[in-house]
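In: Below is the sequence, then the predicted model.
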Amino acid sequence: MKSNILKVSLFLLISFVIVAGMAFPIVEKPAHWYEFPLIPGLEENAKIVFFHVPTSWVSVIAFFMSTVFSIMYLRKKRIEDDYKAYTAAQLGMIFTILATVTGAIWAKFAWGAFWSWDPRQTSIFALMLIYGAYFALRSAIEDDEKRAKLSSVYSIISFITVPFFVFIMPRIMRGLHPGSADDSHSGPVVNFKMDQNMLLIFYLSLFGFTVLYYWMWSVGHKSLTLKEKVQKSYN
Amino acid sequence: MKQAIALFRKDLSSEIRTRYAINSLLMFIIVTISVILYAIGQEKISDYLTGGLLWVIVFFTAMSGLSRTFVSEEERGTVMALQLSATPETVLSGKFMFNLVLMFSMNIIILVLYSLLFEAFVLKNLSLFLAAYLLGNIGIASASTVIAAIISKAGSKGTLYPVLAFPILLPLMLTLIETTKMSMDGTPFDESLVELAVLGSYNVVMIAASYLLFDIIWKD
């Protein structure tokens, strides 16, 4: 019963965010609570912030969680931790694809091309490749323990390349993405260009997607653990 | 360290006896370069493109050659003996040294052939390029060695090797391509210290991580 209330309220929250994010108009001088301010250089395109940023945020969280559970597996050698890491990676892949696709569609309208090897695009592409390689490695190994061990090691090695993408790539390559170092007009969007209402919807969306991810993840890893248990008891 | 050198010499002498890796890598380089030359034909290609293509050749040559060190141990069934007689750190050091030598020798061949055959490939700042080349080779060798260890334990699946190595090598590759462009432009050494520092820090991070994690990979 308690979890039903949680699920229903999560559903309502995300529905509200989706409706508000799409339907609320963007005006020059917002007078009502349901109007968003105009951000120069982004205009109507700014609305993607409610969907694109949370999905990419979740994909990074999922990647981080996958690494943390990989480290925990290597320390304690509990197979459940490996299932947790695997589920996080699976969900991370879904959210990474969502973030890439929404970003590419947005880029078509904002920059004129679906793909232009912006540092952010490069790093999300690398994240996709890492997930792909992780799944390829997992499917190549039959033995449960060996698979858990090697994929945990791979997940840790791939995690240490993240600082290079986050901190160093934007320095080397020119950025088009809002919030890049040399971006003069749309600037750090989150900090001061959004007004209170927009920020509130944005944070609600961030919160909603994170809780959604967490719920999907906990269902996912539990069902995986049960499935493996059932399979073992049959053999 | 002495043991690591002994392991390195063992690999080297077995390589010199069979010349399997050297011969096949040499042929691989020649085939790749001729395919690229054939594809270009009479077209005039831009200078930057040759700089990028160089790294394509280096990457795939590394991918076809560097996994052998660990895979051959698995094939010959000598892993158990190695596990008993040497510590994981020694094994990693020996294999890393061997891969480093292999990487450097084949990249010298690639570079010589490449600069002879591609007229558009002109380096205005040679010292910058050589510094990047040195650091880049160390980086590729270090990441490839630890990935090769994972592959050899995953049933020696050869096709998996580039798939696993590419995302790890991507930051290194992008920086190397950028530095190659810079040295083709003739950017002075001082202005490209950031890129060289990126390459250097990548090497440090990757080598440190390999030593930390190799223990787990190596022990069954």
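Out: Sure, I can see it. Residues are numbered from 1 along each chain as shown, chains lettered A, B, ... in the order given.
In: use CA for all of it now, contacts and neighbours both
Out: Noted.
In: same for the longest helix anywhere in chain B, what does it pack against?
Out: Longest helix in chain B, counting residues (DSSP state H): helix B:88-117. Packed against helix B:88-117 by the contact rule (3 or more Cα pairs under 8 Å, 6 or more residues apart in numbering or on different chains; DSSP states H and E) you find helix B:2-18, helix B:20-40, helix B:47-65, helix B:68-76, helix B:126-153, helix B:193-218.
In: In chain A, what helix or strand scores lowest on average pLDDT?
Out: Every helix and strand of chain A was ranked by mean pLDDT, DSSP states H and E. The lowest is helix A:169-172, at a mean of 65.
In: Let me know the next secondary structure element after the helix or strand harbouring residue A:126.
Out: Using DSSP states H and E, the element containing residue A:126 is helix A:119-140. Next helix or strand after helix A:119-140 toward the C-terminus (DSSP H and E): helix A:144-159.
In: mind listing what's buried in that following helix?
Out: A:146-159 (16 or more other Cα atoms under 10 Å in any protein chain shown).
In: Can you give me the neighbour number for residue 199?
Out: Using chain A. 17 (other Cα atoms under 10 Å in any protein chain shown).
In: I was thinking of chain B, sorry if that wasn't clear
Out: Residue B:199, neighbours per other Cα under 10 Å, totals 26.
In: how much space between it and chain A?
Out: Going from residue B:199 to chain A by Cα to the nearest Cα, to the nearest Å gives 10 Å.
In: Please tell me the pLDDT value assigned to that residue.
Out: As predicted, residue B:199 sits at a pLDDT of 91.
In: Check the buried residues of helix A:144-159 one by one and keep those near chain B.
Out: A:146-147, A:149-150, A:153-154, A:157-158 (Cα under 8 Å from any Cα of the partner chain).
In: Can you give me the distance of residue B:175 to residue A:67?
Out: According to Cα to Cα, to the nearest Å, residue B:175 stands 25 Å off from residue A:67.
In: okay, the two: which has more neighbours?
Out: Set side by side, residue B:175 and residue A:67 show more neighbours around residue A:67, with 27 against 23, by other Cα under 10 Å.
In: May I ask which helix or strand encompasses the more buried one?
Out: Assigned by DSSP H and E, residue A:67 belongs to helix A:52-76.
In: thinking residue B:11 is in contact with residue B:99, fair?
Out: No - if you go by Cα atoms under 8 Å, residue B:11 and residue B:99 don't touch, sitting 9.9 Å apart.
In: which one of these two has more residues nearby?
Out: Set side by side, residue B:11 and residue B:99 show more neighbours around residue B:99, with 27 against 19, by other Cα under 10 Å.
In: Quick one: residues contacting the more buried one.
Out: The contact partners of residue B:99, taken as Cα atoms under 8 Å, 6 or more residues apart in numbering or on different chains, are B:66, B:69, B:141, B:145.
In: From residue B:21, how far off is it?
Out: To residue B:21, residue B:99 is 11 Å away according to Cα to Cα.
In: for residue A:37, same thing?
Out: Taking Cα to Cα, one finds residue A:37 at 64 Å from residue B:21.
In: Over to residue B:66?
Out: 9 Å.
In: quick one on the thing from earlier: most neighbours among the contacts of residue B:99, please name it.
Out: Counting neighbours by other Cα under 10 Å, the top entry in the contacts of residue B:99 is residue B:145, with 29 neighbours.
In: Quick one: neighbours of residue 50, just the number.
Out: Using chain A here. Using other Cα under 10 Å, residue A:50 has 22 other residues around it.
In: Switch to chain B, please.
Out: 20.
In: With adjacent residues omitted, what lies nearest to it?
Out: Of all residues not flanking residue B:50 in the chain, residue B:121 sits nearest, at 5.9 Å (Cα to Cα, 6 or more residues apart in numbering or on different chains).
In: List the residues that contact that neighbour.
Out: Residues near residue B:121 by Cα under 8 Å, 6+ apart: B:47, B:50-51, B:114-115, B:184.
In: hmm, try it at 10 Å
Out: Contact analysis of residue B:121 by Cα atoms under 10 Å, 6 or more residues apart in numbering or on different chains lists B:46-51, B:54, B:114-115, B:184.
In: How about residue A:155?
Out: A:63-64, A:66-71, A:85, A:89, A:130-131, A:133-134, A:149.
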